[in-house]
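Undergrad: structure of the sequence below:
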Amino acid sequence: MTNSKAENALRQKIREAVKVAKAQLLAQEFKRQQEVQSRKERTGGEDSGRSTKDSAKSVDPEVIESLVEQLGEVGSKEAKTVIAALVAHGEQVVPFMRRALHSRLQKLRRRAPRVLARLGAVEAVSDLVELLNDDVLRVEVHAVKALADLQLERPEFAEIFERYLIETNAMLVTHALRGLCLADPERALIQSCRLLSDPRSDVRLQAAIAYEAVSDSGLADIAAQLREDVNINIRMLGYNWLAQHDPSECLKLALNKFPSAEIDEMVLLARLLSRVLLQAQGKSPQWRNKGMLPCSSKEREDLLDQFKMHGAHIIELLEACLARELGREPAPRSTNAVQAVALFLYQVLEATGEYERFAS
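TA: Numbering: from 1, shown residues only. Down below sits the predicted model:
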């Protein structure tokens, strides 16, 4: 195949990827509108926010006993179904689960905390604290997780959570740090600062999340550090913060990063800037937390003007990224990367009025 034919074929692949992205975006929007309408029709003015504890009907204790027995026997996949069934029975399950915490069966001691946490059973806190002395590490992990999930704003639990922050088990550390954020925010801030340099990426991630939750300045002091982390999820926190607080700077930074971006970075930047562009257009994209800070229509117009001003350069960068991936044989390294970049490219083409020319 000659170079011109190969280039034309690649160009056609890029067009097709963008058309597919457009169709997916329109389908998602249609589905979202249907779901909104369906919720309006389904609620009918009734309170759908009642807790499971209050809404469950009375059930024969033998049925609950049977479910508890299954919980201690079934495999991990089946356990999810049993846990859901127990939770559906509400607060009448709590006494059974409290007894299960003291069972000789490890599976029961490990799974009962999950049920209690989902039921918000604060009356079982003393039993969960006692379970922290279990000889089996996995049981101890689930006890700490349940205590954190119960969101106890009680300072007396700070010491319990804090003692787990020096553990070698990363899951224990992350759950304990979540619990500490509510039990004692000041101590959680100190500990999260320390854990930001932990060698384990999941611990650093939880430390960053905790820091944002308890710090008066959010991630302002550490966002740049997070964007340089080797872990993609941690980098996403840093980029998200920048996009939410200084979207113009985020756009500049992303344009500098795109040419040399690896696959995971490419997906991250494309999805992030896609949300920023939607926000500039006055729409409501899905953010990890609260989204961009409130901005005036003038600020949104200025941001949209920046997209249009840099439009040709952005389109060129995105086309180059797609060409690099779609030109690989026998297939792109990541279909997610192609989809994310193609979607953002479609949005930029639409915003700059270039889509019809591009698609023809």
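Undergrad: excluding its backbone neighbours, what's nearest Ser103?
TA: Among residues not flanking Ser103 along the chain, Arg109 sits closest, at 5.7 Å (Cβ to Cβ, 6 or more residues apart in numbering). Heads up, the C-betas are built off the backbone N, CA and C, glycines and all.
Undergrad: what does Val63 give?
TA: Per Cβ to Cβ, 6+ apart, closest to Val63 is His89, 7.8 Å.
Undergrad: tell me the pLDDT at the one you found?
TA: Note on His89: pLDDT of 91.
Undergrad: what about it, distance to Ile190?
TA: Noted for His89: a distance of 41 Å to Ile190, by Cβ to Cβ, to the nearest Å.
Undergrad: compare these two (neighbour count), which wins?
TA: His89 (21 against 13; other Cβ atoms under 10 Å).
Undergrad: show me what contacts Leu255?
TA: Shown in contact with Leu255 (Cβ atoms under 8 Å, 6 or more residues apart in numbering): 310, 313-314, 317.
Undergrad: of these, buried ones?
TA: 310, 314, 317 (16 or more other Cβ atoms under 10 Å).
Undergrad: out of those residues, which comes closest to Leu205?
TA: Nearest to Leu205, judged by Cβ to Cβ, of the buried ones among the contacts of Leu255 is Leu317 at 28.5 Å.
Undergrad: and for the nearest residue to that closest one once chain neighbours are set aside, the neighbour number?
TA: The shortest distance from Leu317 to any non-neighbouring residue, by Cβ to Cβ, 6+ apart, is to Phe258 (4.6 Å). Neighbours of Phe258 under the rule other Cβ under 10 Å: 21.
Undergrad: ramachandran coordinates for Phe258?
TA: According to degrees, to the nearest 10, the main-chain angles of Phe258 amount to phi -50, psi -50.
Undergrad: is it in contact with Cys321, as I believe?
TA: Yes. Phe258 is within contact range of Cys321, at 6.7 Å (criterion: Cβ atoms under 8 Å).
Undergrad: hang on, the earlier thing: which residues sit in contact with the residue nearest to Val63?
TA: Contacts of His89 (Cβ under 8 Å, 6+ apart): 56, 59, 63-64, 67.
Undergrad: same question for stretch 143-154, mean pLDDT?
TA: Taken as a whole, stretch 143-154 has a mean pLDDT of 92.
Undergrad: measure that stretch end to end?
TA: For stretch 143-154, the first-to-last residue distance is 17 Å (Cα to Cα, to the nearest Å).
Undergrad: what's the offset of it from the middle of its chain?
TA: 20 Å (Cα atoms, centre = their mean, to the nearest Å).
Undergrad: could I get the buried residue list for stretch 67-80?
TA: Buried residues in stretch 67-80, defined by neighbour count with 16+ other Cβ under 10 Å: 67-68, 71-72, 79.
Undergrad: ok, so of those residues, who is nearest Ala254?
TA: Ala79 (42.6 Å).
Undergrad: just checking, Ser274 touches Leu345?
TA: No. Shown here, Ser274 and Leu345 do not form a contact pair, counting by Cβ under 8 Å, at 9.6 Å.
Undergrad: and these two? Which one has more around it.
TA: Leu345 (27 against 20).
Undergrad: do you know how far the more buried one is from Ser248?
TA: Taking Cβ to Cβ, one finds Leu345 at 20 Å from Ser248.
Undergrad: report the secondary structure state of Glu73.
TA: Taking DSSP: H, G, I helix; E, B strand; the rest coil as the rule, one finds Glu73 in the coil state.
Undergrad: skip the chain neighbours and tell me the closest residue to it.
TA: Nearest non-adjacent residue to Glu73, counting by Cβ to Cβ, 6+ apart: Lys107, 7.3 Å away.
Undergrad: backbone dihedrals for the residue nearest to Pro155 when sequence neighbours are not counted, please?
TA: Closest residue to Pro155 apart from its sequence neighbours, by Cβ to Cβ, 6+ apart: Asp184 at 5.6 Å. Main-chain torsions, Asp184, degrees, to the nearest 10: phi -160, psi 90.
Undergrad: and Asp184, how many neighbours?
TA: 22.
Undergrad: equivalent analysis for Arg114, please.
TA: Arg114: 20 surrounding residues under other Cβ under 10 Å.
Undergrad: measure it to Glu167 for me?
TA: 20 Å.
Undergrad: cool, and Glu73?
TA: Applying Cβ to Cβ to Glu73 and Glu167 gives a distance of 30 Å.
Undergrad: can you tell me the helix or strand for the closest residue to Leu195 other than its chain neighbours?
TA: Spatial nearest neighbour of Leu195, excluding adjacent residues (Cβ to Cβ, 6+ apart): Ala207 at 3.7 Å. Secondary-structure element containing Ala207, defined by DSSP states H and E: helix 201-214.
Undergrad: what comes up buried for the helix or strand that comes right after that helix?
TA: Once helix 201-214 ends, the next helix or strand along the chain (criterion: DSSP H and E) is helix 223-227. The neighbour-count check on helix 223-227 (16+ other Cβ under 10 Å) flags 223, 226-227 as buried.
Undergrad: swap in stretch 81-94?
TA: Going by neighbour count (16+ other Cβ under 10 Å), the buried part of stretch 81-94 is 82-83, 85-87, 89-90, 92-94.
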